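got a predicted structure plus its sequence, pasted below:
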Amino acid sequence: MRIGFGFDVHPLVKGRRLFLGGAEIPYALGLDGHSDADVLVHAICDSLLGAMGERDIGHHFPNSDPRYLGISSLRLLEEVREIMIRRSFRLGNLDTTVVAEEPKIAPYLPEMIAKIAQTLRVSPAQVNIKATTAEGLGFVGEKKGIVAYAVAVLLSASGEE
């Protein structure tokens, strides 16, 4: 068993669409970044890569590479899944938290879980997403950005580590 932790943060800006967990969420602002800036999927990628000892998302998908400009973060997650397969790992479970003052994301959690589970080809029961606010504190509380945390448990598919 291997455990990995992931974290990501992006600022909210005008003129961008908001993606969280692969779901497009209607909102006046979107997350700024080289890809679609989906902080939740980025944190998940980092947690999976960390559990495998495979460095981080920036190493595998640098923001200086034009191939990743505007790309769906679910595509990046697909590539991380391919690394898991090559390394003979399978997902035990994901536990994640999104911290955002706005928008309220609870109505979108089932869609987010389904998209992540489908991308990783696992049961939705293996993907948990929690949502909270920053209680008005800091840049998240001031509605200037969104943060996501993820913990992944990977199991060796071969039974060995």
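Here it is on my side, so go on. Numbers count the residues shown, from 1 in each chain.

quick one: neighbours of residue 31, just the number.
When neighbours are defined as other Cβ atoms under 10 Å, residue 31 has 27 of them. C-beta here means a position set from N, CA and C on the backbone, and glycine is covered the same way.

which residues touch it?
The neighbourhood of residue 31, defined by Cβ atoms under 8 Å, 6 or more residues apart in numbering, consists of 10, 11, 12, 13, 16, 18, 19, 37, 38, 39, 145, 146.

what bridges to it?
Listed beta-bridge partners, residue 31: residue 12 (assigned using DSSP bridges).

just to revisit the earlier point, quick check, nearest of the contacts of residue 31 to residue 126?
For these, the residue nearest residue 126 by Cβ to Cβ is residue 38; the value is 19.0 Å.

show me the contact partners of the helix or strand bottoming out on mean pLDDT in the chain.
Least confident element among the helices and strands of the chain, by mean pLDDT, DSSP states H and E: helix 57-60 (a mean of 94). The contact list for helix 57-60 (Cβ under 8 Å, 6+ apart) reads 8, 42, 45, 46, 49, 54, 76, 79, 80, 83.

pick out the residue nearest the middle of this structure.
Nearest to the geometric centre of the chain sits residue 41, at 1.6 Å (Cα atoms, centre = their mean).

assumed that residue was part of a strand.
No - under DSSP: H, G, I helix; E, B strand; the rest coil, residue 41 falls outside any strand and is assigned helix.

for residue 66, see how far away it is.
Applying Cβ to Cβ, to the nearest Å, one obtains 20 Å for the distance of residue 41 from residue 66.

for residue 147, same thing?
Between residue 147 and residue 66 the computed distance is 27 Å (Cβ to Cβ).

more neighbours, the two?
More crowded of residue 147 and residue 66, by other Cβ under 10 Å: residue 147, with 20 against 8.

drop anything exposed from the contacts of residue 31.
Of all the contacts of residue 31 considered here, the ones buried according to neighbour count by 16 or more other Cβ atoms under 10 Å are 10, 12, 16, 18, 19, 37, 38, 39, 145, 146.

can you list the strands that whatever helix or strand the fifth one lives in pairs with?
Spelled out, that is residue 19. According to DSSP states H and E, residue 19 maps onto strand 18-20. Using DSSP bridges, the strands paired with strand 18-20 are strand 23-25 (antiparallel).
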